[in-house]
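K.L.:
got a sequence here, can you model it:
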Amino acid sequence: MNKFILTGFLLVLSTAIFADDRLNAAIHEAKAAEMLGQQGKVTKLIRHANMALVHSLAASNVAKGTYKTKLDAASNSLKNAINDARLNYVGPATKSVELAVQQLEAAKKL
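P.N.:
Residues are numbered from 1 along each chain as shown. Below you'll find the predicted structure:
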């Protein structure tokens, strides 16, 4: 019985660590996308926003509750940024990435 409890605890712990690593990577990539958007570099903004989205979605897959809600909101903001950037709307894309950074950082505080 104790082995099952320990195994379950380790699984939950590893999932939390995985989510934190992915969240940190998402923040890093989103901040890079934000900076590139401010510089008007649309192609690079898309690349970094895509990577941030991948990390955000991966973290969201193992998240629960408010943490998941924040990650899902950040993922939607990143999708909006990518779509706007593909249309060459740099300003709105950059604003969406800025919002995603705020949402990701809010998730990190939970």
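K.L.:
do you know how far Ala30 is from Leu71?
P.N.:
12 Å (C-beta to C-beta, to the nearest Å). In short, each C-beta sits where N, CA and C put it, glycine included.
K.L.:
what do those two both touch?
P.N.:
56, 104 (C-beta atoms under 8 Å, 6 or more residues apart in numbering).
K.L.:
how about the helices in this structure?
P.N.:
2-38, 42-62, 65-86, 90-108 (DSSP state H).
K.L.:
got the contact list for the spatially closest residue to Lys31 that is not a sequence neighbour?
P.N.:
In this structure, Lys31 finds its nearest non-sequential neighbour in Val101, 5.8 Å apart by C-beta to C-beta, 6 or more residues apart in numbering. By C-beta under 8 Å, 6+ apart, the contact set of Val101 is 27, 30-31, 34.
K.L.:
just Ala106 next, same as before
P.N.:
Here Ala106 is in contact with Lys70 (criterion: C-beta under 8 Å, 6+ apart).
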